[in-house]
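Asks: Here's my sequence, what's the structure:
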Amino acid sequence: MFEPSGQELIDIANESILNENEKIKSKYSVIIAAAKRARQLVDKKDERVENGANPLTVAIDEIKNNIVKIEPDNKD
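Replies: Residues are numbered from 1 along each chain as shown. Predicted coordinates:
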């Protein structure tokens, strides 16, 4: 099992969202956000990634620690 789980990341992402309609509901939203952030880290030659850290791990840690916020996709 991966740490943190997809549901834990959803819960973390939703902590600061007050409007129920804007809450993240899909773990795939979190996965896509983490992948996009990892790509940003690689493209910007982030120091952590340049020093050998896995960009996806860095991205997930940033989401977990509320450094990066996930914006909900409200295309309903």
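Asks: what's next to stretch 40-59, contact-wise?
Replies: 34-35, 37-39, 68 (C-beta atoms under 8 Å, 6 or more residues apart in numbering). All C-beta spots, glycine's among them, are computed from the backbone N, C-alpha and C.
Asks: Inside strands: which ones of those residues?
Replies: Nothing among the contacts of stretch 40-59 maps onto strands, per DSSP state E.
Asks: Buried ones among those residues?
Replies: 34, 37-38, 68 (16 or more other C-beta atoms under 10 Å).
Asks: Now the two most distant members of the residues you listed.
Replies: Ala38 and Val68 (10.6 Å; C-beta to C-beta).
Asks: Now do the end-to-end distance for stretch 7-23.
Replies: Criterion C-alpha to C-alpha, to the nearest Å; first-to-last residue distance in stretch 7-23 is 13 Å.
Asks: just how off-centre is that stretch within its chain?
Replies: Centre-to-centre, stretch 7-23 and its host chain are 12 Å apart (C-alpha atoms, centre = their mean, to the nearest Å).
Asks: what about the chain, any weak spots by pLDDT?
Replies: 1-2, 73-76 (pLDDT under 70).
Asks: hmm, 90 instead?
Replies: Low-confidence segments of the chain, defined by pLDDT under 90: 1-33, 46, 49-50, 53, 60, 63-76.
Asks: Now do the contacts for the closest residue to Glu62 other than its chain neighbours.
Replies: The spatially closest residue to Glu62, leaving aside those adjacent along the chain, is Val68, at 4.2 Å (C-beta to C-beta, 6 or more residues apart in numbering). By C-beta under 8 Å, 6+ apart, the contact list for Val68 reads 33, 37, 59, 62.
Asks: Not counting residues beside it along the chain, what's closest to the second one?
Replies: Of all residues beyond its chain neighbours, the one nearest Arg37 is Ala59 (3.8 Å), with distances taken as C-beta to C-beta, 6+ apart.
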